[in-house]
Structure formats: structure tokens, C-alpha cells
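# build me a model:
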Amino acid sequence: MTAAVERHSGYVAQFRGDGIMALFGAPVAQERAEVAAVTAALEMQDGLSGVANELAETLGVHLSFRVGLNTGGVVVGSISGDIAADFTALGDTVNLAARMEQIATPGSVLLTARTEAAVAGFVECRDLGTVTVKGKSDDVHAFEAVRALSATDRIAAASVRGLSKFVGRQVELGLLEGLFRRTLRGRGQAVVITGEAGIGKSRLAHELQQSLPGTRWLTGRCSPERQAAAFFPLAEIVRSVTEDDSVILGDDSHEAFLRVLLGDQPDETIAAVDPRDRNARVLDLVVAALEVAAAGGSLVAVIEDAHWADGATWSALGALVERVANLPVLVVVTSRPGYDAPLDATTDMTQLRLEPLDEDEVAELI
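This is a model prediction of the structure:
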């Protein structure tokens, strides 16, 4: 159980007999904390099912566990001053989560309505209606988490519920469409879209995709959980190309480096390679993947949330922009302000800063 929590950047605050209390979003702030928590809970259930089946077959013992989740404000702190050992949370939010666990059926993951609203589009949930909870004067609306959905970003999740009206970004969308038209003449383009959280970077990229039907679209997403994984968003792009096209990138010597890029441990032939040479070979693989993908026409390669990328990925992005100059490829990078400094010296990178909508645009949106 603890492995699933830690894999999704959660924190195990307490061990309670045969259970645990885990926090997501504290002591370290976390984007999409609810999604991480529910995903971890579902992974716990999946991991335990194999053990449960084995125990049932060998010992006749039936093992199951249940999870309750809630979202809200809590009182947090360290009991002894050592956060690593004694950080915990108190309050009604914690109490309700515990009550949800108590009324959950064995093998289920039970959510409050507030948690369900936060994971809508990311997790399929079953509406259980209202339930009576000890200590609460009013019944509580409960949902059961069923499975994680394929949505991996806010826009994909919002599309499930229906997107709001696209307002105030027509000029920026036109700029992006103009950059794409240049790729149709074999001139590679790159743009970094910067703006504060929630200002519409991903939505703008989504609208560009909608305006280019039939265009191949490759996406690599950065996340706080993957900050320690060098080249992770680039690996996502390479993986999608190799899976879709069943191609071999480069000669046989690339195979070991491909395994490194896709997350496998390097073999002995790579472990001794100078890291700079290794990074160069990884970049060769990314370029080779884009060449293969662009063989049928112009494409767009998007690196989402690059503010979560590690230094090696940022360096690779700068080098990638120069390498795609003669390919029919538009590279789009989205990032919060202040993180894109490694690209400042890249003369071929278009800078697009999103400003807040004005009052009239906000009024039209709502």
C-alpha cells in the first residue's frame, strides 16, 4: 500500500492497525492531488487482488480491503518537529474520509462528492446516491471509483464534461496556425507558450489541434511525479511512434539507447558511456522518431507542462528545436513563466506569452 502512495507523491501519515492514513497535497503541495489519491487507491486494489487470489487458493483465506477518500481543508503539523516522521492531519475532512472507509464494501474505493468532482474525467465513478454516515446530521453523497480513464490532462478530462466557450485567444490561435503552415513547406517551427496556471495554455493547444483535422499529433507530458525521470516527455513521443509505426529507429546500436529512453535500466554497454554522449544519442532517437512520424506529412509535437521538466529535458528541447529546422514539424512547448530560460538562446523559438483575459472577454466566457 505504501508503495502505491509514494509512487503518486503521497505521504503516509499514520499506520492504524491493519490500515494506513495517507495524505495527498500535504506536506508538499501537489497538482491534481485527488487524481493521484484515487489512482493510488485503485492501484492498491489491483496489487492486492493477486495476493488475495493466491491466499484463497492456498490457504482458503479471503483477503480484501477498502478505501475512503475525502477532499477539503485540514489542520496539519508535526507532532515532534520532525516532519519526516510525525507529520499528520486533523479535522472534519479526515474524519469523514475515515467514515467513508468504514461504510465502503470490501474491495471498493469510496469517494465523497467533493473528491468525485475533482477527479471527473480522470476516473470513472459509480454514483451510489446518499448514504448515512455516523456523526453527520445530513446524509452524504457517495461515489465508488471504478477505473482510471485515459484522460491525462485537464483538457482531456474537461472534454468529458464539455468545454467552456473559447474566448479571447483568436489572435494567438492564428499565430500558431501560421507557424504550422510554414511546416507545410518543410520548414520546422517551434513555439513556447507561457502563462500562469489555469490561464489557458493547454486549451490553446487543444484548439490548435481541433483546427488541424487529419494532422498527426504527438504529445509528451511532464508532471511533478516524473521530475526525476530525464527525458520522460520525449520518451512518450518516441514510444507512441514506435508503437504506432512498428519501426526501428536507426541502426542496431540504437536499440540499447531506446531502452534507456523508454525507462529500462541501461545495460553494460551503455552504463560506461559518457553521459553527454548518451544524451546526444537519446536526442538522435527523438529526431529519428519525428522523421518517421513526419514521413506522411506535417505533424505537431507538444510538450505539455514543461515547468515540471528536469534540466536534461530542457537542454534536449533546445537542441531539438535546432534539429527539426528542416523537418515538417511544429514543436509546441507549454510552461509557466520563469521556467523556459534554457530556451532563451534558441533563436528559432517563437515566444508566446498569454495574458489574462480582459473584462469583456471574461463576461463573454461566463
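# only the buried residues of the helix or strand that contains residue 235, if you could.
Element membership of residue 235, judged by DSSP states H and E, is helix 232-245. Across helix 232-245, burial judged by 16 or more other C-beta atoms under 10 Å covers 232, 233, 234, 235, 236, 237, 238, 239, 240, 241, 242. Glycine gets a C-beta too; all of them are placed from N, C-alpha and C.
# residue 213 is in what secondary structure piece?
If you go by DSSP H and E, residue 213 is not part of any helix or strand.
# hmm, back to that, quick one: list the elements packing against the helix holding residue 235.
Counting contacts by 3 or more C-beta pairs under 8 Å, 6 or more residues apart in numbering; DSSP states H and E, helix 232-245 is packed against strand 216-221, helix 254-261, helix 275-293, strand 299-304, helix 311-323.
# how far does that helix sit from its chain's centre?
Mean-position distance between helix 232-245 and its chain equals 15 Å (C-alpha atoms, centre = their mean, to the nearest Å).
# what sits against residue 283?
The contact partners of residue 283, by C-beta atoms under 8 Å, 6 or more residues apart in numbering, come to 316, 319, 320, 323.
# so for the second one, what's the pLDDT?
Spelled out, that is residue 319. Residue 319 is assigned 86 on the pLDDT scale.
# that one: what's its closest spatial neighbour, skipping adjacent residues?
residue 283 (5.6 Å; C-beta to C-beta, 6 or more residues apart in numbering).
# how close does that neighbour get to residue 229?
Per C-beta to C-beta, to the nearest Å, residue 283 is found 16 Å from residue 229.
# also residue 100?
33 Å.
# partner residues bridging residue 75?
On the basis of DSSP bridges, residue 75 takes part in beta bridges with residue 90.
# which stretches of this protein form helices?
Taking DSSP state H as the criterion, the chain carries its helices at 2-7, 33-58, 83-86, 92-103, 113-119, 154-161, 170-183, 201-211, 232-245, 254-261, 268-271, 275-293, 311-323, 359-365.
# please tabulate the ones you listed in TSV, including the columns distance to residue 133.
Output for the helices of the chain, formatted as TSV (distance: least, C-beta to C-beta, whole Å):
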stretch	distance to residue 133
helix 2-7	24
helix 33-58	19
helix 83-86	29
helix 92-103	5
helix 113-119	12
helix 154-161	27
helix 170-183	47
helix 201-211	36
helix 232-245	41
helix 254-261	49
helix 268-271	55
helix 275-293	51
helix 311-323	45
helix 359-365	37
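# how about those helices, which one is nearest residue 221?
helix 232-245 (5.9 Å; C-beta to C-beta).
# where does the prediction get shaky in the stretch 201-350 of the chain?
225, 228, 244-273, 275, 340-348 (pLDDT under 70).
# please repeat the previous calculation with a cut-off of 90.
For the stretch 201-350 of the chain, residues meeting the criterion pLDDT under 90 lie at 202, 220-293, 295-297, 305, 308-326, 337-349.
# returning to what we had before: tell me the most buried of the helices and strands packed on helix 232-245?
With neighbours taken as mean count of other C-beta atoms under 10 Å, the helices and strands packed on helix 232-245 reach their highest mean count in strand 299-304, at a mean of 24.
# and that strand, what does it pack onto?
helix 201-211, strand 216-221, helix 232-245, helix 275-293, strand 329-335.
# hmm, try it at 7 Å
strand 216-221, strand 329-335 (3 or more C-beta pairs under 7 Å, 6 or more residues apart in numbering; DSSP states H and E).
# dump the ones you listed into JSON lines; add distance to residue 192 as well.
Converted to JSON lines, the helices and strands packed on strand 299-304 look like this (distance: least, C-beta to C-beta, whole Å):
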{"stretch": "strand 216-221", "distance to residue 192": "14"}
{"stretch": "strand 329-335", "distance to residue 192": "4"}
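# and the ones you listed: which comes nearest residue 194?
strand 329-335 (5.4 Å).
# which elements pack onto that closest one?
Contact partners of strand 329-335 among helices and strands, from 3+ C-beta pairs under 7 Å, 6+ apart: helix 170-183, strand 189-194, helix 201-211, strand 299-304, helix 311-323.
# now tabulate the ones you listed in JSON lines and tack on distance to residue 351.
Below are the helices and strands packed on strand 329-335 laid out as JSON lines (distance: least, C-beta to C-beta, whole Å):
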{"stretch": "helix 170-183", "distance to residue 351": "11"}
{"stretch": "strand 189-194", "distance to residue 351": "6"}
{"stretch": "helix 201-211", "distance to residue 351": "13"}
{"stretch": "strand 299-304", "distance to residue 351": "15"}
{"stretch": "helix 311-323", "distance to residue 351": "12"}
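# go through those and name the closest to residue 223.
The closest of the helices and strands packed on strand 329-335 to residue 223 is strand 299-304. By C-beta to C-beta, the value is 9.0 Å.
# so which residues make contact with that closest one?
Contacts to strand 299-304, defined as C-beta atoms under 7 Å, 6 or more residues apart in numbering, come from residues 153, 180, 202, 205, 215-222, 233, 237, 290, 293, 317, 329-334.
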